[in-house]
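[1] turn this into a model:
(one chain, ligands or ions: 1)
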Amino acid sequence: MRKLAAGNWKMNGTVASLAEVQALIAAQPAPACEMLLCPPATLISAIATAAHGSALMVGAQGCHAKPSGAHTGDLSAPMLADAGASHVILGHSERRADHGETDAQVRAKAEAAQAAGLVAIVCVGETEAQRDAGETLAVIGAQIDGSVPTTSTAANLVIAYEPVWAIGTGRTPTLSQIAEVHAFLRARLADHIGAQAAQVRLLYGGSVKPSNAAEIFALPDVDGALVGGASLKAADFAPIVAALSAA
Ligand code: PGA
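    Below you'll find the model as predicted:
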């Protein structure tokens, strides 16, 4: 499978950020892995235009479960696809925490995304209290069971393991902790989608940076990364793309 380096800009970026997009494309014109940026929705169309003909793909950070209708302020999956998105991040812990998104809502959004031709990047991960209580695998297993559409395939589903306590903190799990969760994810996915699970990209996310990327990407069942802060600058994200290309 081709690995995936995905950047999550969160609520960062303006038209001026297109300079970083151009710099990224210039630094990584033909990576061996897939390369994706998920900017705020206001920039999807502009980045899709800037990236046209390059290796860079553009994604969104969320969508509504319905294709259209009276939902002021929301964006549907077909709209995001129309703007040039190929992927959408769903169930990020910031959405689960700040907007109360439940597993059932995440699954409905993932089904809508897949129906619109988008790849759903479904995020799972434990809080620090849950890890300390020894609940990590139980929490993540329940999130997979509740959030992943059973019709998913390796072509329309990506899973991102993001420990909540590692996001934006500079802290990361040990390599053996990451490997344990990714092996568990692979097996749990197989319960739902069978043999397709072997080919689903499993991303690690949470404080990935150029200095720790290579050792994380060398782990079995780590098929890429979901990168927040270090995806905002081409000078940080390009070396992460390079490390994944070399893994
Ligand atoms: P971070 O964020 O790389 O800044 O820790 C990752 C994420 O939330 O996707």
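[2] any idea how far residue 25 is from whichever residue of the chain sits closest to the ligand?
    Here the chain gets closest to the ligand at one residue, residue 228, 2.3 Å apart by CB to the nearest ligand atom. From N, CA and C alone the C-beta is placed, and that goes for glycine too. Using CB to CB, to the nearest Å, we find residue 228 at a distance of 20 Å from residue 25.
[3] please, where are all the helices along the protein?
    For the chain, helices defined by DSSP state H occupy the ranges 18-27, 44-51, 77-83, 93-98, 103-115, 128-132, 136-147, 175-193, 210-217, 234-246.
[4] in TSV: the ones you listed, plus distance to residue 200.
    TSV is the format used below for the helices of the chain (distance: least, CB to CB, whole Å):
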stretch	distance to residue 200
helix 18-27	25
helix 44-51	24
helix 77-83	19
helix 93-98	20
helix 103-115	13
helix 128-132	23
helix 136-147	11
helix 175-193	6
helix 210-217	17
helix 234-246	16
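[5] pull the number of nearby residues for the residue of the chain closest to the ligand.
    Per other CB atoms under 10 Å, the neighbour tally for residue 228 reads 21.
[6] pull the contacting residues for it.
    When contacts are counted by CB atoms under 8 Å, 6 or more residues apart in numbering, residue 228 touches 7-10, 167-168, 205.
[7] mind doing that once more with 6 Å?
    For residue 228, the contacting residues are residue 8, by CB atoms under 6 Å, 6 or more residues apart in numbering.
[8] repeat for residue 30
    Residue 30 makes contact with residue 55, according to CB under 6 Å, 6+ apart.
[9] same question for residue 247.
    residue 217.
[10] how many neighbours does the nearest residue to residue 48 once chain neighbours are set aside have?
    Take residue 48 and drop its neighbours on the chain: the residue closest to it by CB to CB, 6 or more residues apart in numbering is residue 84, 2.6 Å away. Neighbourhood size, residue 84 [other CB under 10 Å]: 18.
[11] try residue 194
    By other CB under 10 Å, 10 other residues sit near residue 194.
[12] give the contact list for it.
    Per CB under 6 Å, 6+ apart, neighbours of residue 194: none.
[13] what parts of the chain come near the ligand?
    Near the ligand, the residues belonging to the chain are 8, 162, 167-168, 205-208, 226-230 when assessed by CB under 6 Å from any ligand atom.
[14] just the ones of the residues you listed in strands?
    8, 205, 226-227 (DSSP state E).
[15] now render the residues you listed as JSON lines, adding distance to residue 122 and pLDDT.
    Formatted as JSON lines, those follow (distance: CB to CB, whole Å; pLDDT from 0 to 100):
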{"residue": "8", "distance to residue 122": "13", "pLDDT": "98"}
{"residue": "205", "distance to residue 122": "12", "pLDDT": "98"}
{"residue": "226", "distance to residue 122": "11", "pLDDT": "98"}
{"residue": "227", "distance to residue 122": "17", "pLDDT": "98"}
